[in-house]
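In: Sequence unavailable; structure follows:
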């Protein structure tokens, strides 16, 4: 029974691993290749529309109030796109200078449409260009935030729009120590002032004032929007959300992939205490209105030619401005990297509140996709972050967290290994049992269970180390994959990015042969095998040799090939995960050997190794 159970377990686990590899890695790889081909075809077109258009809907702001037109992107233009530099030079601008951001605000339209994240680079090379988050209209991929007012349906109030040129009241750049104020007069009795402030991280605070010196009261509705033109590249993995996102009061978390919102076209929700925006794997932009504001929030997609415009926006309740009065609207914009200490990590005893707690936001920590198993993923990140700030290296932090996990599960693992040691000690009894009843399987099973009961052996205890490792493995993979703290985090030697696969490859002798084996058609994706995956495979093979050879030939074949399968499979995983697995295997070998010796069981490692390399006799 034990042999059959182990065989079935090994086959099932191997099948699950291969299916997971196919679903999470091979299929997304093909999808990315197809997306790259489509992108190349689009780049070959001579010209594209300059702007997309979001649908203009009419939405009542509150019961009994007049309807207002929802904010929308500008009308498309037939002009071809220009370089980013040319688009930036097309209008006067106010510089943005902070420790983490560089860019500018366009005085035409008063948009925040030029942002670069100066602390993050496109590659591991520190001289590579910084990450560009926002880009202006007219460039290849416009992406910007806009704030303002819309009038009631049917009203003819002259309001600022994307073509309005504002005036800066005092010269100077926007810095954390010096906000700026923009002004525009509509010539009909309304004066608009916009004060923009920025902190030393990624938060913009916008205060809009409207003063009415005309001859009649005016009703206006504050709005804010984030617009992104063109479908961006996405990683395409099931465990990561990229696209439109928000947390809207009682409606909870709202997530729309680009494909999903393309199908839905527009989704509108009314909520209080909400936020919404657009997220990438590591970067995001989000509108953060006052937590007590009544919002008409919307996620939308619209098609103009071959370009799709994605937009998140909200419309607040009306402000009626009496003659001689002033109305105020407050808004906030997050635009930057999804750092856990900045965004916030809402977890008991975490201590990393960030904007989520600082601003009293509604689950803003979910801007980082912690996943369904956040109760495992977040503690894993917190442990890695703690050790990183202690030792200054995330790779070393992974090694320390592995030791910590081993210590936490030490009682269960010791019990499991002790049970395995007892199982090995009674192997002669089980062999004699089979000889006594070679044809009576029922009798074998009954006497086997009696031996287990007498020796206090749990026959399934050997599965515990594997089962305990699964949630830890998944949580570490999730942390390495989604957290920006792991991006471009170096280890030692050739590992410059723990979140990326090992860059070496045995199929070109680790760089000695000047060719890329992954470029070979069809087979190239499988010709990836770095140094650390080889180390991991060796430690896994070493750990298996600690156990006696299974008597069943099928089991022998499965366990012989399993390290090879895992080695090739994990070659596509982040290097940090492979390092964890290799280190975990090493600790497990030491732990298991110690417990076996303490239980008086012979450690058969060296005998099994000699048997593996010994010359097999030919059958006579």
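Out: Noted; the coordinates are in hand. Worth saying up front: this structure is predicted, and the values here are computed from it rather than measured. Numbers count the residues shown, from 1 in each chain.

In: Low-confidence regions, the stretch 501-620 of the chain specifically.
Out: The stretch 501-620 of the chain contains residues with pLDDT under 70 at 547-556, 599-620.

In: Which parts of it are strands?
Out: Counting by DSSP state E, counting those that start in this stretch, the stretch 501-620 of the chain yields no residue ranges for strands.

In: what are the phi and psi angles of residue 370?
Out: phi -70, psi -20 (degrees, to the nearest 10).

In: Show the contacting residues for it.
Out: Applying C-beta atoms under 8 Å, 6 or more residues apart in numbering, one finds that residue 370 lies in contact with 377, 378, 478, 482. From N, CA and C alone the C-beta is placed, and that goes for glycine too.

In: hey, what's residue 145 bridged with?
Out: residue 112, residue 226 (DSSP bridges).

In: Which residues are in contact with it?
Out: Residue 145 neighbours (C-beta under 8 Å, 6+ apart): 111-113, 134, 204, 224-227, 285, 287, 333, 335.

In: which pair in the residues you listed spans the largest distance?
Out: Across the contacts of residue 145, no pair lies farther apart than 204 and 227, at 15.8 Å, counting by C-beta to C-beta.

In: neighbour-wise, which of these two wins?
Out: residue 227 (27 against 24; other C-beta atoms under 10 Å).

In: which residues touch the closest residue to residue 526 other than its chain neighbours?
Out: Distances taken as C-beta to C-beta, 6 or more residues apart in numbering put residue 568 closest to residue 526, at 7.0 Å, once the chain neighbours are dropped. Residues in contact with residue 568 (C-beta under 8 Å, 6+ apart) are 526, 528, 529, 533.

In: switch the cut-off to 10 Å
Out: Taking C-beta atoms under 10 Å, 6 or more residues apart in numbering as the criterion, residue 568 is in contact with 21, 526, 527, 528, 529, 533, 537.

In: do the same with residue 209
Out: Here residue 209 is in contact with 181, 183, 191, 192, 193, 194, 195, 321, 326, 327, 328, 329 (criterion: C-beta under 10 Å, 6+ apart).

In: Quickly find the element holding it.
Out: strand 203-212 (DSSP states H and E).

In: Buried by neighbour count: which residues of that strand qualify?
Out: 203, 204, 205, 206, 207, 208, 209, 210, 211, 212 (16 or more other C-beta atoms under 10 Å).

In: Stretch 496-508 now?
Out: 496, 497, 498, 499, 500, 501, 502, 503, 504, 505, 507.

In: how about the residues you listed in TSV, adding distance to residue 172?
Out: Formatted as TSV, the buried residues of stretch 496-508 follow (distance: C-beta to C-beta, whole Å):
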residue	distance to residue 172
496	39
497	39
498	41
499	39
500	41
501	46
502	48
503	45
504	50
505	52
507	57
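
In: What residue, apart from its backbone neighbours, is nearest the most centrally placed residue in the chain spatially?
Out: In the chain, the residue lying closest to the centroid (C-alpha atoms, centre = their mean) is residue 482, at 2.8 Å. The shortest distance from residue 482 to any non-neighbouring residue, by C-beta to C-beta, 6+ apart, is to residue 369 (5.3 Å).

In: tell me the contacts of that neighbour?
Out: Taking C-beta under 10 Å, 6+ apart, one finds 239-242, 245, 255, 279, 281, 338, 377, 478, 481-483 in contact with residue 369.

In: switch the cut-off to 6 Å
Out: 240, 241, 482 (C-beta atoms under 6 Å, 6 or more residues apart in numbering).

In: Quick check: pLDDT value at the last one.
Out: In this prediction, residue 482 carries a pLDDT score of 90.

In: where does this protein dip in pLDDT?
Out: 1-79, 348-352, 417, 420-421, 424, 458-466, 547-556, 599-620.

In: Tell me, domain by domain, which residues of it belong where.
Out: Listed domain ranges for the chain are 2-27+377-613, 47-53+84-369 (source: automatic domain parsing).

In: about what we covered before: would TSV of the contacts of residue 568 with distance to residue 82 and neighbour count be doable?
Out: Below are these laid out as TSV (distance: C-beta to C-beta, whole Å; neighbours: other C-beta atoms under 10 Å):
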residue	distance to residue 82	neighbour count
21	44	18
526	42	15
527	41	17
528	39	19
529	45	21
533	45	27
537	51	25
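
In: chain center to the host helix or strand of residue 435: distance?
Out: Using DSSP H and E, residue 435 maps to helix 427-436. With C-alpha atoms, centre = their mean, to the nearest Å as the basis, helix 427-436 stands 53 Å off its chain's centre.

In: Give the buried residues for it.
Out: 430, 433.

In: How far does stretch 439-453 sit from its chain's centre?
Out: 51 Å.

In: The stretch 201-350 of the chain: strands as residue ranges?
Out: Going by DSSP E, counting those that start in this stretch, the stretch 201-350 of the chain shows strands at 203-212, 218-229, 243-248, 253-257, 266-272, 274-279, 283-287, 294-304, 307-316, 319-321, 326-337.
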